[in-house]
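Chemist: Structural data only, the sequence is not supplied:
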């Protein structure tokens, strides 16, 4: 059996809350258990004649994504529904070798809207919170926090 190269034990998520048109420095969400990203791309039909003479083709459209971050709840909920800011997700600690950035720090940093906050308790009595996000801006690959 092959050894797992990645696991959720060191996954990180960083959030920068938009405030008066600017985004605060990215701060780590506490006790991240796991995160997930689902990316989509809309398509449009094109009837422009192409070299292949097929008549109709499909063209890529707008890219979008939905994200979820699950944390063990150590205290208060850190993000509220409707908050808009930057979200950065890393696979492993601060030297991740693959992650995603939604938005950026600074005035143009809005990249994600929190669309839901679900609080619960697992079977072992550990409180959890799951944040749901919708991307609103550019999506970029990242390797370290703030790259």
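Modeler: Looks like it arrived, so ask away. Keep in mind it's a predicted model, so treat the numbers as computed, not measured.
Chemist: Over stretch 83-102, what's the mean pLDDT, rounded is fine.
Modeler: In this model, stretch 83-102 has an average pLDDT of 77.
Chemist: tell me how far the ends of that stretch are from each other?
Modeler: 14 Å (Cα to Cα, to the nearest Å).
Chemist: Show me which residues of that stretch are buried.
Modeler: For stretch 83-102, the buried set under the neighbour-count rule, 16 or more other Cβ atoms under 10 Å, comprises 83-92, 96, 99-102. For every residue, glycine as well, the C-beta is placed using N, CA and C.
Chemist: Would you map the strands across the protein?
Modeler: With strands called from DSSP state E, the chain shows them at 12-19, 22-23, 27-28, 32-46, 57-72, 84-90, 99-102, 112-121, 127-135, 139-142.
Chemist: With respect to residue 78, which of the ones you listed lies nearest?
Modeler: Of all the strands of the chain, strand 12-19 sits nearest to residue 78, with 7.1 Å by Cβ to Cβ.
Chemist: Report the inter-axis angle for that closest one versus strand 127-135.
Modeler: For strand 12-19 against strand 127-135, the angle by axes from the mean of the first three to the mean of the last three Cα atoms, to 10 degrees is 60 degrees.
Chemist: and strand 12-19, which strands flank it?
Modeler: When sheet partners are counted by DSSP bridges, strand 12-19 sits next to strand 22-23 (antiparallel), strand 27-28 (antiparallel), strand 84-90 (antiparallel).
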